[in-house]
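1. everything below, folded, please.
(one chain, ligands or ions: 1)
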Amino acid sequence: MTPVILLTGFLGSGKTTLLQRLLTDPSMQGAAVLINEFGDVGLDHHLLDRIDDNVVLLKSGCICCTVRGEVADALSNLDSLRTRGEISFDRVVIETTGLADPYPVLQTLTAHPVLRSHFTNGGVLTTVDAVNAGGQVEHRAEAARQIAAADRIVLTKTDLVAADDVARLKQRLSKINPGASIYTTLDSVESLVAGFGPGDHIVPAARATQPEDHVCDAHCDHAHHHVSHHHDDQLGIISFSLIIDAEIDWTMFGTWLTLLLNRYGDRIFRVKGILAIAGEDRPVAIHGVQHLVHAPTHMEHWPEGPRQSRLVFILEDLSPDLIKRSFAAFTGLAQVRTAA
Ligand SMILES: Nc1nc2c(ncn2[C@@H]2O[C@H](COP(=O)(O)OP(=O)(O)OP(=O)(O)O)[C@@H](O)[C@H]2O)c(=O)[nH]1
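-> Residues are numbered from 1 along each chain as shown. All right, here's what the predicted structure looks like:
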């Protein structure tokens, strides 16, 4: 049986950063990876250095509902390729979208007639952003369910908050999920995935908020499973991207993004992008999570395709047009396109 590790956590909480670390550890060299992103423009596979045949980008959408069938198909495909000797892997890591409910994915593993004889639940790792977790847990059901589903919680961004706040957050997380062990990004990869490997049998954490026992199939429309389904229609969460063909002035851009997140960070859950900056050969990756702008990083090389800047936003109750107009007005770049 091949273990499937589910890597989950709210938008911008550090899943891809942790995945990058996991994949560079020798113990994880045999891992195949499935990545799912919310929104039509996937960037995470570009932001990961290790891209090979074992990395599959799933169609956009909410992993718990829209692409559940696709997860099953992707796992079946990986298994067939392995049977034919075309690839080899000894475990699978699935990085979910930051808005996913992990329970239906776990159920897919145990309920699917074929998958359940090849794959097993290899453990749930949930990243929790120490800067933004307070509000997210309070206001977003998805964030709470991701924490409740965890076997291990990895606290990220503890370098950006005071030690007392980290201690308080740990206490709060322990109340939501007393069975999960809590780590930070300072812990070794070995300790984070110990017991999650081939041949290991994880004992799932005693979860505080057990979901209903009902097992859905791909056509299930039971409302109880669609807590996170509501995120994209009823609560007005949308994703869109800005595409800019001209090179961007870094100072202008930085000022614009800082002001934008300062003003609208409550409603901008996530912004990430790959930028063509004037005077730079290599692309620059940028990340914002609510009011927080992370340090930009240079990527090794441009992904395939045109050298254009792409910014993906995940917003709640905010007009994409407002962002587009403000970007154009601030940077003086009129040729800005949006994609839904
Ligand atoms: N300072 C600091 N930054 C971090 C840490 N972990 C992640 N980040 C930064 O947080 C930003 C978002 O990280 P990602 O790994 O892209 O987050 P994600 O959960 O994959 O994001 P989505 O897939 O959009 O939900 C990036 O700029 C990371 O460099 C951490 O422990 N400390």
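2. all the strands of the stretch 151-300 of the chain, residue numbers only.
-> Ranges of strands within the stretch 151-300 of the chain are 152-156, 181-184, 237-244, 268-275, 284-289, 292-293, 297-298, based on DSSP state E, counting those that start in this stretch.
3. and the ones you listed, which one is worst for confidence?
-> For those, mean pLDDT drops lowest on strand 237-244, to a mean of 88.
4. counting by contacts, list what it packs against.
-> strand 309-316, helix 320-331, strand 336-339 (3 or more C-beta pairs under 8 Å, 6 or more residues apart in numbering; DSSP states H and E). Glycine gets a C-beta too; all of them are placed from N, C-alpha and C.
5. and the first one with the ligand, contact?
-> When you say that, I think you mean strand 309-316. No: using C-beta under 6 Å from any ligand atom, strand 309-316 stays clear of the ligand, coming no nearer than 7.3 Å.
6. that strand pairs with which strands, parallel or anti?
-> Taking DSSP bridges as the criterion, strand 309-316 forms sheet pairs with strand 237-244 (antiparallel), strand 268-275 (antiparallel).
7. quick one: contacts of that strand?
-> Residues from elsewhere that reach strand 309-316 (C-beta atoms under 8 Å, 6 or more residues apart in numbering): 11, 38-39, 41, 43, 98-99, 235-245, 248, 267-276, 286, 320, 323.
8. now do 6 Å
-> 11, 39, 41, 43, 236-244, 248, 267-276 (C-beta atoms under 6 Å, 6 or more residues apart in numbering).
9. just the residues you listed that are near the ligand?
-> Among those, the residues within reach of the ligand (C-beta under 6 Å from any ligand atom) are 11, 270, 272.
10. please list only the buried members of those residues.
-> 11, 270, 272 (16 or more other C-beta atoms under 10 Å).
11. flag every residue of this structure that's near the ligand.
-> Proximity of the chain to the ligand (C-beta under 6 Å from any ligand atom) is limited to residues 9, 11-17, 44, 98, 127, 156-157, 159-160, 185, 270, 272, 287, 294.
12. now a ChimeraX select for only the buried ones of those residues.
-> Here is the ChimeraX command that selects the buried residues among those (16+ other C-beta under 10 Å):
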select :9,11,12,13,14,15,16,17,44,98,127,156,157,185,270,272,287,294
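13. let me see the mean pLDDT of the longest strand along the chain.
-> Identified as the longest strand of the chain according to DSSP state E is strand 119-129. Averaging pLDDT along strand 119-129 yields 93.
14. tilt between that strand and strand 284-289?
-> Counting by axes from the mean of the first three to the mean of the last three C-alpha atoms, to 10 degrees, strand 119-129 points 80 degrees away from the direction of strand 284-289.
15. which other helices and strands contact strand 119-129?
-> For strand 119-129, the packing partners by 3 or more C-beta pairs under 6 Å, 6 or more residues apart in numbering; DSSP states H and E come out as strand 2-9, helix 102-111, strand 152-156.
16. least reliable of the ones you listed going by mean pLDDT?
-> Of all these, helix 102-111 has the smallest average pLDDT, which comes to a mean of 83.
17. tell me the helix or strand right after the longest strand of the chain.
-> helix 133-139 (DSSP states H and E).
18. so what secondary structure elements neighbour that next one?
-> helix 141-148.
19. in the helix it packs on, what's buried?
-> Here helix 141-148 shows 142, 143, 144, 145, 146, 147, 148 as buried, counting by 16+ other C-beta under 10 Å.
20. what mean pLDDT does it have?
-> 90.
21. could you list the low-pLDDT ranges of the protein?
-> 37-69, 201-236, 340 (pLDDT under 70).
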